[in-house]
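**Q** structure of the sequence below:
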Amino acid sequence: MKEIIYEFSKSKARNAQHLQFVADVMASVSETTATEQGFATQYTAFVEAATAEVDCFRPDKGYLNTPDIEEADRKRDNIFLFYKQIAQAYADYCPDEEQRKAGKTVAFAFHEAGKATKLDYASETAVLADLAGKLTDVTYAQPLEVIGMGNAATEIMEANDAFNAIYLERSAQERDRALGTTMKELRPVSDAAFEELAKAINALYAVNELVT
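**A** Next up is the predicted model:
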């Protein structure tokens, strides 16, 4: 008598191979057939387990918003470096004494920020947020106006906030992946559901063959 063989080792299959196996089973059995023949419960359990495995399997570990993060980081880097170099140029070369003095004051704030663009994403966000806040202080607000950099604090803050919004979104995705169920946990569930499905189909086939 024909029957579905289900007692075989599935643990040695690679994740991609196992995924193809459950996908093939889902393609071989329709919901309509399962309902009509009376094994809808086993079919539904298998489909749910297999679907969870398909959703978990992600050969591409990248993130769709990575280019957006890189672009936002470049933008805030450029704004920081642009204003830093302008302030330093006023401090070093401006022939006007008042502007040169103002340039030195502003350049000091940027100097305190160090090599912000070389830091990791989170650290740079913290440093630039601190710098933007510092530049709004009365100590730097007037000197900034003197050298024509009155918008520096606002532009740095806006670019930094825009980056952080995208970065936090990806951090949430990373956390979800880290806390999510793994293929190692899902595969045995799919295997058990497949075996129950196979047993149900085999039993129905045996009854039909013997009776009809």
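**Q** pLDDT wise, what is the closest residue to residue 31 other than its chain neighbours at?
**A** Using CB to CB, 6 or more residues apart in numbering and skipping the chain neighbours, the partner closest in space to residue 31 is residue 43 (6.7 Å). Heads up, the C-betas are built off the backbone N, CA and C, glycines and all. Residue 43 carries a pLDDT value of 86.
**Q** count of neighbours near residue 43?
**A** By other CB atoms under 10 Å, the residues close to residue 43 number 23.
**Q** can you tell me which residues contact it?
**A** When contacts are counted by CB atoms under 8 Å, 6 or more residues apart in numbering, residue 43 touches 29, 31, 34, 197.
**Q** what's the helix or strand for it?
**A** Element membership of residue 43, judged by DSSP states H and E, is helix 40-56.
**Q** and after that helix, which helix or strand comes next?
**A** Next in sequence after helix 40-56, counting helices and strands by DSSP H and E, comes helix 66-93.
**Q** and stretch 182-195, how far from the chain's centre?
**A** 26 Å (CA atoms, centre = their mean, to the nearest Å).
**Q** got any ranges where this protein has weak pLDDT?
**A** For the chain, applying pLDDT under 70 flags the ranges 1, 58-65, 170-181, 210-212.
**Q** can you do 80?
**A** Across the chain, the ranges flagged by pLDDT under 80 are 1-13, 19, 53-66, 169-184, 207-212.
**Q** now do residue 168 against residue 27, distance only.
**A** As defined by CB to CB, to the nearest Å, residue 168 lies at a distance of 39 Å from residue 27.
**Q** how about residue 40?
**A** 17 Å.
**Q** next one: residue 132
**A** In terms of CB to CB, residue 132 sits 56 Å off from residue 27.
**Q** which of the two has more residues huddled nearby?
**A** More crowded of residue 132 and residue 27, by other CB under 10 Å: residue 132, with 21 against 8.
**Q** can you name the residues that contact that one?
**A** Counting by CB under 8 Å, 6+ apart, residue 132 touches 153, 154, 156, 157, 160.
**Q** buried subset of these as a ChimeraX selection?
**A** Here is the ChimeraX command that picks out the buried ones among the contacts of residue 132, judged by 16 or more other CB atoms under 10 Å:
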select :153,156,157,160
